[in-house]
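Novice: whatever this is, show me its structure:
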Amino acid sequence: MKARSVIAKLKTHANAKNVAGMARFGINPHTTLGVSIPVLRGMARDIGKDHALARQLWSTGIHEARLLAAFVEDPKLVTQAQMNVWVAQFDSWDVCDQVCSNVFDKTPFAIQKAKEWARDRREFVRRAGFVLMACLAVHDKKAGDTVFTSFFPLIKSMSVDERNFVKKAVNWALRQIGKRNVRLQKAAIKVAEDILKKDSPSARWIAADALRELRAKKFKKHT
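Specialist: Numbering: from 1, shown residues only. Predicted coordinates for the structure are as follows:
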């Protein structure tokens with residue numbers, strides 16, 4: 001009943017113009033209502049963490065219901081099986097990114113899944129792997145440098161993937177790792193320089209873009 005009432009409320013905020021705008025930014029317009037993120041965030045604050053509701057909302061297949069599921073899900077209750085089901089159903093970059101940054105990167109399986117999914121051929125599954133790397137670089141304050149250097153071989157090998165949503169995620173992961181501290185900055189710059197030598201438009205774009213940002217980044221001496 002709770003899920004039904006939440007969906008009913010979501011539909012009151014439906015906006016066809018927003019759907020058209022979202023489609024222009026590469027978001028799947030099917031089963032999309034056009035509800036804004038601020039509205040979804042507000043609803044999530046009112047609901048609080050609710051694992052059962054998150055699973056029910058996800059099962060509807062509605063775009064905004066899945067975003068809301070990411071906002072109300074409790075990462076402590078998420079299993080690897082659930083992660084595998086959800087990632088296989090990603091069909092838009094925004095759902096992928098919100099689930100990874102609000103839920104998956106806070107699970108104890110995040111590092112393992114980042115590596116596993118980065119090797120997967122499916123576009124949004126592979127994107128999820130690299131988005132997880134980027135999110136971990138920002139959110140996991142306790143992880144050591146070796147966690148992130150272990151991602152570099154995958155970043156190098158998948159830099160030749162020409163699919164837009166993948167190459168942007170690879171680039172994001174490399175930049176965020178390099179911005180974590182001065183040691184990883186130097187290591188990420190070396191990785192980017194190696195990637196730049198690859199005979200691939202995607203690899204060259206990833207490397208050139210990352211190098212511009214990483215070489216300009218300044219750290220305080222204590223980092």
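Novice: tell me how this protein divides into domains.
Specialist: Domain segmentation of the chain under automatic domain parsing yields 1-73, 87-223.
Novice: what comes up buried for stretch 123-139?
Specialist: With burial defined by 16 or more other CB atoms under 10 Å, the residues of stretch 123-139 counted as buried are 123-137. No exception for glycine: its C-beta is placed from N, CA and C like everyone else's.
Novice: ok, and the closest non-adjacent residue to Gly26?
Specialist: Nearest residue to Gly26, sequence neighbours excluded (CB to CB, 6 or more residues apart in numbering): Trp93, at 6.2 Å.
Novice: ignore the last one, Ala23
Specialist: Using CB to CB, 6+ apart and skipping the chain neighbours, the partner closest in space to Ala23 is Pro29 (4.2 Å).
Novice: that neighbour touches Gly21, doesn't it?
Specialist: No - taking contacts as CB atoms under 8 Å, Pro29 lies outside contact range of Gly21: 9.7 Å.
Novice: the two: who's more crowded?
Specialist: Each of Pro29 and Gly21 has its neighbours counted (other CB atoms under 10 Å); Pro29 has more, 16 against 13.
Novice: any idea how many residues pack against Asp161?
Specialist: Other residues within reach of Asp161, judged by other CB under 10 Å, total 22.
Novice: with Lys198 instead?
Specialist: Residues contacting Lys198 under the criterion other CB under 10 Å number 16.
Novice: could you do the one 3 residues further on as well?
Specialist: Applying the criterion other CB under 10 Å, we find 11 residues in the vicinity of Pro201.
Novice: residue contacts, it?
Specialist: Pro201 makes contact with Glu162 under the criterion CB atoms under 8 Å, 6 or more residues apart in numbering.
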